[in-house]
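Participant: Sequence and predicted structure, then a few things I'm wondering about:
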Amino acid sequence: MFFASFPMPPSTAVMQIIAPPAMRSRVAAIFLCSNSLIGLTLGSLLVGLLNDHMFGGPAAVGSSLGLVTAGASIAAVALLALGLRPYAAALAENGAHAAE
């Protein structure tokens, strides 16, 4: 759990930097809600479903966790790659506004 908390501060900071001041609290609320509903719920559900239907026993929970973690890691890399260019553009735009 110690290492799992590392991405939270940078991701929260990025949202506060990019979001317009009037929308920052809403953006943070949507992020926390989606993180809770999707990340914490769907991840546990997928591990249980894989363990019951694909690996077939409580002894294979490690395999289910590994498969879900590998899939989530690949999806995270893909989403980060997709968001890199818009993030760089938003940072450049915010930097241009700050210079004025």
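Facilitator: On my side now, so go ahead.
Participant: For this structure, give the helix that spans the most residues.
Facilitator: helix 61-99 (DSSP state H).
Participant: How about that one, which residues are buried there?
Facilitator: 64, 67, 68 (16 or more other CB atoms under 10 Å). The way it works is simple: take the backbone N, C-alpha and C, and place the C-beta from them, glycine included.
Participant: Could you check how far residue 78 is from residue 37?
Facilitator: Separation of residue 78 from residue 37 (CB to CB, to the nearest Å): 21 Å.
Participant: Reformat the buried residues of helix 61-99 as CSV; add pLDDT and distance to residue 31.
Facilitator: Compiled in CSV, the buried residues of helix 61-99 are given as follows (pLDDT from 0 to 100; distance: CB to CB, whole Å):
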residue, pLDDT, distance to residue 31
64, 92, 27
67, 93, 26
68, 92, 21
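Participant: Just send those residues back as a markdown table, with distance to residue 95 too.
Facilitator: Shown next, in a markdown table, are the buried residues of helix 61-99 (distance: CB to CB, whole Å):
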| residue | distance to residue 95 |
| --- | --- |
| 64 | 45 |
| 67 | 41 |
| 68 | 38 |
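Participant: now, which of those residues sits nearest residue 19?
Facilitator: For these, the residue nearest residue 19 by CB to CB is residue 68; the value is 30.1 Å.
Participant: what residues are up against the closest one?
Facilitator: Each residue near residue 68 by CB atoms under 8 Å, 6 or more residues apart in numbering is listed here: 43, 46, 47, 50.
Participant: Tell me the confidence at the last one?
Facilitator: Put plainly, it is residue 50. In this model, residue 50 is scored at 91, pLDDT.
Participant: how far away is the nearest residue to it once chain neighbours are set aside from residue 38?
Facilitator: Distances taken as CB to CB, 6 or more residues apart in numbering put residue 64 closest to residue 50, at 4.2 Å, once the chain neighbours are dropped. Residue 64 sits 18 Å away from residue 38 when distances are taken as CB to CB.
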